[in-house]
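> sequence and predicted structure below; questions after.
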Amino acid sequence: MILVTSISAQVASKYYKPKAILFMLHLSTNKIEALKKRGLEKYIPDVMEGDEEINTSIMKDMAQNFTYCPVYFFYDTCYEKAKAKRWNEITFYDYESLSKKKMLGTNSFSDYYFAEVGYRSPGDQLEVDSLLPRYLNDQFRGDEDAVSTRNYGINLYDEDFNPIKSKFGFIDISLRKRGPLLEKKKFTFEGASKFDEKLRLRFEPKLKE
């Protein structure tokens, strides 16, 4: 386990320049339990495969197209620990975790935003029930082609996991199944470049002509 150094800048404004993004990935824990109770275990591998496809795609797109600040990923099973800032109880992952077995530990963060992919609910507090991966609910209703709308994207939250109540707090993304015509399609996430650009436009000083 690698120890991430403490980040300790002062928060200077309501929308502070982030030194890190703590990106929450979703697992279909509740859905899997529901399938077990209904005797539908045969669908569980598909649910787990969908989780892995989406989470891996998010990490890959962020690795390739987001360079504004470090990004640390964690799973929603650690939501309560993250909200309580019990960092030493959470396993974090970075981009290198995609290619080799690697986990990170830390004792402290500051000047960070939480982020997650989901539907936008302006003004609502993040509740545990809302952490269900609704893109997989769509999948099991038969809507497998696209989850790409103006209401779906990266949501930003402050250090207490309160939603950022402005346009700054939401970034449109694309999450859809793609692939060769005659082969099995996989979920593909696109949105990291928009996220990077939005942060740069807000926090980077404009160059004088």
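On my side now, so go ahead.

> rest of the way, CA atoms for contacts and neighbours
Will do.

> point out where the protein drops to low pLDDT.
Across the chain, the ranges flagged by pLDDT under 70 are 1-13, 100-103, 105, 107, 121-151, 179-183, 206-209.

> mind listing the helices for it?
With DSSP state H applied, the chain shows helices at 29-37, 44-65, 79-83, 134-140, 192-203, listed in chain order.

> for the spatially most central residue of the chain, give me its contacts.
In the chain, the centroid-proximal residue (C-alpha atoms, centre = their mean) is Glu116; its distance is 3.3 Å. Taking C-alpha atoms under 8 Å, 6 or more residues apart in numbering, we find Glu116 in contact with Phe23, Met24, Leu25, Ile154, Asn155, Leu156.

> now it: how far from Cys69?
Taking C-alpha to C-alpha, to the nearest Å as the measure, Glu116 falls 16 Å from Cys69.

> and what of Tyr15?
For Tyr15, the distance to Cys69 - C-alpha to C-alpha - is 15 Å.

> the longest strand along the chain versus helix 44-65: what angle between them?
In the chain, assigned by DSSP state E, the strand with the most residues is strand 112-119. Orientation check (axes from the mean of the first three to the mean of the last three C-alpha atoms, to 10 degrees): strand 112-119 against helix 44-65 gives 130 degrees.

> I figured Arg178 hits Phe189, correct?
No. With contact defined as C-alpha atoms under 8 Å, Arg178 and Phe189 do not form a contacting pair (9.8 Å).

> ok, those two, which is more surrounded?
Between Arg178 and Phe189, Phe189 has the larger neighbour count (other C-alpha atoms under 10 Å), namely 25 against 15.

> got a list of what Glu52 touches?
Contacts for Glu52 (C-alpha under 8 Å, 6+ apart) come out as none.

> ah, wrong one, I meant Ile21
Counting by C-alpha under 8 Å, 6+ apart, Ile21 has contacts Cys69, Pro70, Val71, Tyr72, Tyr112, Tyr113, Phe114, Ala115.

> if it is in a bridge, with which residues?
Assessed by DSSP bridges, Ile21 has beta-bridge partners Val71, Tyr113.

> switch to numbering from 58
Got it, the first residue is 58 from now on, which makes the last one we talked about Ile78.

> now it: how far from Leu256?
Taken as C-alpha to C-alpha, the span from Ile78 to Leu256 is 11 Å.

> buried sites along stretch 88-101?
Lys88, Ile89, Ile101 (16 or more other C-alpha atoms under 10 Å).

> need the CA coordinates for that stretch. PDB is fine.
The C-alpha trace of stretch 88-101 is given here as PDB (Å, rounded to 0.1, in the frame of the first residue of the first chain):
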ATOM      1  CA  LYS A  88     -29.400  -4.800  -6.900                       C
ATOM      2  CA  ILE A  89     -27.500  -8.000  -6.400                       C
ATOM      3  CA  GLU A  90     -29.100  -8.600  -3.000                       C
ATOM      4  CA  ALA A  91     -32.500  -8.000  -4.600                       C
ATOM      5  CA  LEU A  92     -31.800 -10.500  -7.400                       C
ATOM      6  CA  LYS A  93     -30.800 -13.100  -4.800                       C
ATOM      7  CA  LYS A  94     -34.000 -12.600  -2.800                       C
ATOM      8  CA  ARG A  95     -36.100 -13.000  -6.000                       C
ATOM      9  CA  GLY A  96     -34.200 -16.100  -7.100                       C
ATOM     10  CA  LEU A  97     -32.700 -14.400 -10.100                       C
ATOM     11  CA  GLU A  98     -29.100 -15.200  -9.400                       C
ATOM     12  CA  LYS A  99     -28.500 -15.900 -13.100                       C
ATOM     13  CA  TYR A 100     -28.600 -12.100 -13.800                       C
ATOM     14  CA  ILE A 101     -25.900 -11.300 -11.200                       C
END
